[in-house]
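Engineer: coordinates only, no sequence provided:
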């Protein structure tokens, strides 16, 4: 009896997956297998290749002939190099990522939404603090300007070079400028 290691097809028209099987070479492609030793899902990303190394090496050792496709899969898993006695046989198949359930995705989405809300709140708080600091600084500048204007006396030069003492009343700084101009006009008229 000629024994082959080959692929047995399952799945739908455009969505195949295969089982790596040991079977008599005279049976149908999808017929009865002697033993299933692995699986191959080419449509997933990355492709799933799982082969029982011990059973594959056993069947290769007793003379089973792998098909071209199975030989390529055995080279990926490193079993072919082990069978041939080559050094440096490594498994180059990438491990499949565990599937995430819908519940876990919903929880992760909720967590990311909470993190986004917290980040926005922190950003708003920072902006409010910055605005408060700017308002405080502006108030200090305004107070300093009022203090300069609110000095009890100030010397104001006139056109003739004479100096006039000006009394500025406490109050609105814009009114103080008008009062100073009025006093200067009076001094010009007298002098």
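Structural biologist: Happy to help now that I have it. Because the structure is a prediction, the values reported are computed rather than measured.
Engineer: so where does the most centrally placed residue in the chain fall, helix or strand?
Structural biologist: In the chain, the centroid-proximal residue (Cα atoms, centre = their mean) is residue 112; its distance is 10.4 Å. Using DSSP states H and E, residue 112 falls within helix 102-149.
Engineer: and that helix, what does it pack onto?
Structural biologist: helix 173-190 (3 or more Cβ pairs under 8 Å, 6 or more residues apart in numbering; DSSP states H and E). All C-beta atoms are positioned from the backbone trio N, CA, C, and that covers glycine.
Engineer: so for the helix it packs on, mean pLDDT?
Structural biologist: On average, the pLDDT along helix 173-190 is 68.
Engineer: next, count neighbours for residue 47.
Structural biologist: 15 (other Cβ atoms under 10 Å).
Engineer: now do the contacts for it.
Structural biologist: 40-41 (Cβ atoms under 8 Å, 6 or more residues apart in numbering).
Engineer: got a pLDDT number for it?
Structural biologist: Residue-level pLDDT assigned to residue 47 equals 84.
Engineer: and it, backbone torsions?
Structural biologist: phi -60, psi 140 (degrees, to the nearest 10).
Engineer: again, but for residue 30
Structural biologist: phi -100, psi 20.
Engineer: same thing with the one 5 residues further on?
Structural biologist: Residue 35 has phi and psi values of phi -160, psi 140 when expressed as degrees, to the nearest 10.
Engineer: host element of the residue lying closest to it once chain neighbours are set aside?
Structural biologist: Excluding its sequence neighbours, the residue lying closest to residue 35 (Cβ to Cβ, 6 or more residues apart in numbering) is residue 22, at 4.7 Å. Taking DSSP H and E as the definition, one finds residue 22 inside strand 15-24.
Engineer: other SSEs contacting the helix or strand just after that strand?
Structural biologist: Counting by DSSP H and E, the next helix or strand C-terminal to strand 15-24 is strand 35-41. In terms of contacts (3+ Cβ pairs under 8 Å, 6+ apart), strand 35-41 is packed against strand 3-12, strand 15-24, strand 48-51, helix 53-61.
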